[in-house]
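In: Here is a sequence together with a model predicted from it:
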Amino acid sequence: MKKAVKIIGAGLAGCEAALTLSKRGLVVTLIDCKPREMSPAHSSNDFAEVVCSNSFKSSEIATASGLLKAEMDILGCSLLEIARTCSVPAGGALAVDRQLFSQRVTERINSDENIKVVCQTVDDWDDEPTIIATGPLTLGGLNDALNKKLCDSLHFYDAEAPIISGDSIDYLATFGGSRYGRGGDDYINCPMNREEYYEFVEALVTAERALGHEFDKREIFEGCMPVEVMASRGKDTLRFGPLRPVGFLSEGKRPFAVVQLRRENTTGDMYNIVGFQTNLKFSEQKRVFGIIPALKNAEYLRYGVMHRNSYVDAPKVMNSYLQLKDYQNVFIAGQLSGVEGYVESIAMGLISAHNIANFMENKPMLEFPDCTILGALLRYLATPNSNFQPMNANFGLLPPVTGIKDKMQKKIYYSNRSLDALKKVDLLF
Ligand SMILES: Cc1cc2nc3c(=O)[nH]c(=O)nc-3n(C[C@H](O)[C@H](O)[C@H](O)COP(=O)(O)OP(=O)(O)OC[C@H]3O[C@@H](n4cnc5c(N)ncnc54)[C@H](O)[C@@H]3O)c2cc1C
């Protein structure tokens, strides 16, 4: 008899997991609350709904998202294959016709004889082999079940500031140092003069925002106020808040305003823009934050986002196979597992499917080399972290390389190193 897996959530991760398991000869019950119940961001009756931007980001191999896609292709990703059949022109990026994409995934799911679809809002899980892929907007009692069974390890309402790559900062327009000399050169400070600051504030308050869903408006906490909302309270509010120029001098005088950059990783190649949690559209973040002289050419490893975000405290509750430590029959996939982004969510669907299948077939689960984006993401999810936050694919996660100065050459090196290593892995399926 064929082995059976239950998947809760027919979003990007759940659909990828279902198709992967079917290809491996397992039978799947795929459960989604749609169309009976919908989250505030979902509106289509189809599965694998792409809720906001239609971009799956770059396909260029010398980018982290391009490399992630290439790695997923090696594993036989179904949703990327479908995405390419309904792509729209987007330069080097893979962008899809969103409706067509969801429609094609749904058709594929519905016509697969190994997959049975059930419409139901799931409130809990049982002992059956299960993948939970209910996404950042998990509905119903499942939130409580995750909280209760995983010791309050589920996080809600999350605001994130962008992360930029260290080598894209214009250091000539910065100075090092912490306020009042506390902490040495821990921060990189980006000063602005009066004209630059007011130009920045004006652009910030008039910039186009991403989805303004009701849940966003209701749930914003003072402590994680989007920077544009704070700026709209008064043109000097930011100068008395996160951009206050007190506690240090630049070229012997106090700057008019200062944006601080904080290291995001130990190697210092990723920086968080302090206090810049934002709900601006990604393109607007690049445009508006680019008014800050030091960030004119900033490369965004992760854009800022502001929305309700349910995700498990992965290092505490999961191992690097996406398997719950205390419920070994249960795997977590998609954004709920602590990754961020469409393609990353699909990737976790793909991996959770192979791992649960291997687990049920008494085969070793997948081990990815650290130098692959998949391996680096899984390692990030499993590494103890007292302030765990969702992560997307970026080169800052990979073991650094020394001796290559040219930025493009470095990226090409990362990609070649990863694909060479991945091709040598015995994938056992
Ligand atoms: C508002 C918003 C905008 C976003 N914009 C972007 C963006 O532009 N680019 C980007 O890369 N990423 C974006 N993301 C992040 C993320 O990539 C997507 O949310 C992605 O769809 C996550 O995939 P997933 O499979 O984990 O969850 P989803 O695709 O959300 O799928 C979850 C599925 O589970 C179902 N479900 C939920 N609860 C239950 C339940 N209890 N029982 C049964 N079914 C249930 C839902 O109906 C849904 O079909 C955004 C997220 C949000 C919330």
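Out: Nice, thanks for sending it over. The model shown is predicted, which means the values in this text are computed figures rather than measured ones.
In: Ramachandran angles for residue 130?
Out: Phi and psi for residue 130, reported as degrees, to the nearest 10, are phi -140, psi 140.
In: right, and it touches residue 8 too?
Out: Yes. Using C-beta atoms under 8 Å, residue 130 is in contact with residue 8, at 6.6 Å. No exception for glycine: its C-beta is placed from N, CA and C like everyone else's.
In: Which of these two has more residues huddled nearby?
Out: The neighbour comparison of residue 130 against residue 8 (other C-beta atoms under 10 Å) goes to residue 8, with 26 against 22.
In: how close does that one get to residue 37?
Out: 13 Å (C-beta to C-beta, to the nearest Å).
In: Could I get the contacting residues of the residue in the chain that the ligand sits nearest to?
Out: Nearest residue of the chain to the ligand, counting by C-beta to the nearest ligand atom: residue 11, 1.7 Å away. By C-beta atoms under 8 Å, 6 or more residues apart in numbering, the residues touching residue 11 are 32, 47, 48, 49, 133, 134, 135, 334, 345.
In: and the ligand, which of those residues contact it?
Out: With C-beta under 6 Å from any ligand atom as the criterion, the contacts of residue 11 include 32, 133, 134, 135, 334, 345 near the ligand.
In: Surely residue 245 forms part of a helix?
Out: No. Checked against DSSP: H, G, I helix; E, B strand; the rest coil, residue 245 lies outside a helix; its state is coil.
In: For the chain, what lies in contact range of the ligand?
Out: 8-14, 31-34, 39, 41-42, 51-53, 121-122, 133-140, 142, 211, 307, 334-336, 341-342, 345.
In: Would you mind checking those for buried ones?
Out: 8-14, 31-34, 39, 41-42, 51, 53, 121-122, 133-139, 142, 307, 334-336, 341-342, 345 (16 or more other C-beta atoms under 10 Å).
In: Which of the contacts of residue 11 fall within strands?
Out: Mapping the contacts of residue 11 onto strands (DSSP state E) picks out residue 32.
In: Next, format the contacts of residue 11 as a markdown table and append pLDDT.
Out: As requested, the contacts of residue 11 are exported to a markdown table (pLDDT from 0 to 100):
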| residue | pLDDT |
| --- | --- |
| 32 | 98 |
| 47 | 98 |
| 48 | 98 |
| 49 | 96 |
| 133 | 98 |
| 134 | 97 |
| 135 | 96 |
| 334 | 98 |
| 345 | 98 |
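In: Using TSV, please lay out the contacts of residue 11 together with distance to residue 384.
Out: Shown next, in TSV, are the contacts of residue 11 (distance: C-beta to C-beta, whole Å):
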residue	distance to residue 384
32	33
47	35
48	33
49	34
133	24
134	25
135	25
334	22
345	23
